[in-house]
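# Generate a structure from the sequence data that follows.
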Amino acid sequence: MPNTKRVFLSYTAADRELAVDLARLMTQRGLSVISVFNLEPGTEWPEVLRVELEKASALVLLIPSNDVPNRNYVWFEVGAARALGKRILAVLPPTHRSVDLPTDIADVLVLDADKRPLESIADTLIQAVPETDSADVSAN
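Residues are numbered from 1 along each chain as shown. A predicted model of the protein is given here:
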């Protein structure tokens, strides 16, 4: 059966524009991307999070600045992905200098958007996302 690459994109409202741009670039390159902006209003987020993380082969995190309200939501998503054994890939958005990464994700690939164009970051993420068997995705 053919393999697919599918990611869950985690970000805060402060990085929504970057998230949409990155998702568009990854989708154009053949990656399946799920995130909050894909959801219908009124969707039960906790259930969707569980199901979509199970289907994903990786989580792509836009690292929030320390001063961003509600940034703990993305750390919850990272923890859930880690608990499911998913690969975590991170992007440091432009101008985000005040960030702290939890020590339990110190082994995460971090791409700096101040040092690389977004197209290059999308290409690197595509290469870093592991394949997921399409039978596993459709069974969930």
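
# Could you tell me the phi and psi values at the residue nearest the centre of the chain?
By C-alpha atoms, centre = their mean, the chain has its centre lying nearest to residue 60, at 2.2 Å. Main-chain dihedrals, residue 60, degrees, to the nearest 10: phi -100, psi 120.

# roughly how far apart are it and residue 74?
11 Å (C-beta to C-beta, to the nearest Å). C-beta here means a position set from N, CA and C on the backbone, and glycine is covered the same way.

# just residue 63 next, same as before
8 Å.

# Kindly report the same for residue 123.
As judged by C-beta to C-beta, residue 123 and residue 74 stand 23 Å apart.

# and residue 19, what helix or strand is that in?
In this structure, residue 19 sits in helix 16-28 according to DSSP states H and E.

# buried ones in stretch 12-32?
By 16 or more other C-beta atoms under 10 Å, the buried positions in stretch 12-32 come out as 12, 14, 15, 18, 19, 22, 23, 25, 26, 31, 32.

# distance of the last one from residue 16?
Distance of residue 32 to residue 16, given as C-beta to C-beta: 20 Å.

# that older thread, which one's more surrounded, residue 123 and residue 74?
residue 74 (19 against 15; other C-beta atoms under 10 Å).

# mind listing what the more buried one touches?
10, 11, 12, 61, 62, 64 (C-beta atoms under 8 Å, 6 or more residues apart in numbering).

# out of those, what pair is the most spread apart?
The two members of those with the most space between them (C-beta to C-beta) are 12 and 61, at 10.2 Å.

# contacting residues for residue 80?
Residue 80 neighbours (C-beta under 8 Å, 6+ apart): 49, 50, 53.

# Please enumerate the strands of this protein.
For the chain, the strands defined by DSSP state E occupy 3-4, 6-10, 32-34, 58-62, 87-92, 109-112, 132-133.

# Output the ones you listed as a markdown table; include the columns distance to residue 119.
Below are the strands of the chain laid out as a markdown table (distance: least, C-beta to C-beta, whole Å):
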| stretch | distance to residue 119 |
| --- | --- |
| strand 3-4 | 22 |
| strand 6-10 | 16 |
| strand 32-34 | 15 |
| strand 58-62 | 15 |
| strand 87-92 | 13 |
| strand 109-112 | 12 |
| strand 132-133 | 24 |
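
# Understood, closing this out.
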